[in-house]
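[1] Only the shape, not the letters, is given here:
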């Protein structure tokens, strides 16, 4: 279970899959973590503080439950052992389809 870092509570799960392994010339892949930024509006992510943080070397991350019938937007960034963060802004939209 990922750790949620913004203090907000229970909302259905959205799963984020990391398709390619990270590459870093100093940090082994099994020590890379992923920072997940979530927003209710497209381009609304706040990159100063991630919503979720993965375990090192995670290949997927599932959020806590999110309310149904709503869209959520996510950006995932890798962070190495030195704290250097990827700066991509690639955003994906997700919905709870189970409710």
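    Happy to help now that I have it. Given the structure is predicted, the values throughout are model-derived calculations rather than measurements.
[2] How about the contacts made by the nearest residue to residue 88 once chain neighbours are set aside?
    Setting aside the residues directly before and after it, residue 88 is nearest to residue 77 in space (CB to CB, 6 or more residues apart in numbering), at 6.2 Å. Quick note: C-beta positions are derived from backbone N, CA and C, even for glycine. For residue 77, the residues meeting the contact criterion (CB atoms under 8 Å, 6 or more residues apart in numbering) are 34, 35, 37, 47, 50, 85, 86, 87, 88.
[3] Report the contact partners of the nearest residue to the fifth one once chain neighbours are set aside.
    Setting aside the residues directly before and after it, residue 50 is nearest to residue 35 in space (CB to CB, 6+ apart), at 3.8 Å. Residue 35 sits next to 50, 52, 53, 54, 76, 77, 78, 79, 85 when contact means CB under 8 Å, 6+ apart.
[4] got a winner among those residues for most neighbours?
    Sorting the contacts of residue 35 by how many neighbours each has (other CB atoms under 10 Å) puts residue 50 first, at 25 neighbours.
[5] if I read this right, that residue contacts residue 37, doesn't it?
    Yes. Using CB atoms under 8 Å, residue 50 and residue 37 qualify as a contacting pair, with a distance of 5.6 Å.
[6] Would it be right to say that residue 30 lies in a helix?
    Yes. Membership of residue 30 in a helix is supported by DSSP: H, G, I helix; E, B strand; the rest coil.
[7] Now name the helix or strand holding the closest residue to it other than its chain neighbours.
    Distance criterion CB to CB, 6+ apart; nearest residue to residue 30, sequence neighbours excluded, is residue 57 at 4.0 Å. Counting by DSSP states H and E, there is no helix or strand that carries residue 57.
[8] how many other residues sit next to residue 57?
    Using other CB under 10 Å, residue 57 has 15 neighbouring residues.
[9] Contacts only, for it.
    Remark: with contacts taken as CB under 8 Å, 6+ apart, residue 57 is in contact with 29, 30, 31, 32.
[10] Sweet, I'm off.
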